[in-house]
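J.: what follows is a predicted structure for the sequence shown.
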2 protein chains.
Amino acid sequence: MRSTLRPDPARDLVLERVVDVPRALVWRAWTVPEHVKRWFTPAPWTTIECEIDLRPGGIFRTVMRSPEGETFPNLGCYLEIVENERLVWTTALAPGYRPAESAGAGDPCGVGFLTAVIALESLGQGTRYTALAMHGNEEGRTNHEKLGFHDGWGKALDQLVALARTM
Amino acid sequence: MRSTLRPDPARDLVLERVVDVPRALVWRAWTVPEHVKRWFTPAPWTTIECEIDLRPGGIFRTVMRSPEGETFPNLGCYLEIVENERLVWTTALAPGYRPAESAGAGDPCGVGFLTAVIALESLGQGTRYTALAMHGNEEGRTNHEKLGFHDGWGKALDQLVALARTM
């Protein structure tokens, strides 16, 4: 297992689950904008925009909308792409690896910058799904946890699995 | 040419020069800690420590020392490694791609986080050497320029070339 999947309990959050869809479908759900828009945000929130350039240095951009109609843009940069296995991106860099200007306005809850690793392993007909969220410090992890990391990423994964079953 | 070598004049600084040593030696000077320590900091500053794990996500750490004996640690993370061609790292991420905590204490001049791209092209017996420094905003570029980017990175390159000639 690569070094980036050694979570630090003080600064990281992990969602691990076995899901009953093959990892190739999980991969497609994560890497095709039209799919991402259908599962990425727990209802009644929605993802109204998604832009993906699937290569190291490429853009991963989403815009989420609250039930009240407020929009929250997220800009990230892919770091590692191993098809059907491992997807890594960060919000600490803008596309092209440029340092991000600030977590600022898009981060009212003080989560700070985030690096995410999605790791997929085949398990029979299903997939062992691991999502690792790395933060710059303990405060970022704590605020992300309070914001509802486990519930939010869990519900989004439920939506991803429901979508993958229809593929 | 890849997208990360399209400098943005507002936020980037570029040092481009043709040097009379082959690019394989320039590459070695950049990627072997014992070499880096000999050229990385314009004299009378010195580089007293250097740690390199040459893979995406790996550490690039240096400690510089001023003539007065003050030390300045720098922690970075490699992003792209194409032998003899292209080296990319950033200080916006710590090793393992974790978001860096802050540019803070190690950045008294307000340069902020930095992503650097070193691009090498063979030109006869020599090398076209391009160093691109990308900043998060114009302020970072301006402060880096005032701090003496061109003079500093230029003198360091002189030292690199002098060292490469002895290899």
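T.: Alright, I've got the coordinates.
J.: and the helix or strand harbouring A:Y129, anywhere near chain B?
T.: Per DSSP states H and E, A:Y129 falls inside strand A:126-135. Yes. Interface with chain B: strand A:126-135 contributes A:134-135 (CB under 8 Å from any CB of the partner chain). Using the backbone N, CA and C atoms, a C-beta is placed for each residue, glycine as well.
J.: ok, now which ones touch A:T115?
T.: Counting by CB atoms under 8 Å, 6 or more residues apart in numbering or on different chains, A:T115 touches A:79, A:88-92, A:133-134, B:93, B:97-99.
J.: residue farthest from the centroid of chain A?
T.: In chain A, the greatest distance from the average C-alpha position (CA atoms, centre = their mean) is reached by A:G124, at 24.3 Å.
J.: what comes up buried for the helix or strand following the strand holding A:Y129?
T.: Heading C-terminal from strand A:126-135, the first helix or strand you meet, by DSSP H and E, is helix A:138-146. Using 16 or more other CB atoms under 10 Å in any protein chain shown as the test for burial, helix A:138-146 gives A:140-144.
J.: run through those residues and flag the ones next to chain B.
T.: A:G140.
J.: quick one: which of the buried residues of helix A:138-146 is nearest chain B?
T.: A:G140 (7.6 Å; CB to the nearest CB).
J.: quick check: that closest one touching A:C109?
T.: No. Contact criterion CB atoms under 8 Å: A:G140 and A:C109 do not qualify, at 9.8 Å.
J.: just for chain A, where's the confidence low?
T.: Within chain A, the stretches with pLDDT under 70 are A:1-4, A:103-106.
J.: so which residues make contact with the strand ranked longest in it?
T.: The residue-count maximum for a strand in chain A (DSSP state E) belongs to strand A:71-82. For strand A:71-82, contacts defined as CB under 8 Å, 6+ apart pick out A:48, A:53-66, A:86-91, A:93-97, A:100, A:106, A:115, B:56-57, B:79, B:97.
J.: toward the C-terminus, what is the element adjacent to it?
T.: Next element after strand A:71-82 (DSSP H and E): strand A:86-90.
J.: can you pull out the strands in chain A?
T.: Secondary structure of chain A by DSSP E: the strands cover A:12-19, A:46-52, A:59-65, A:71-82, A:86-90, A:114-123, A:126-135.
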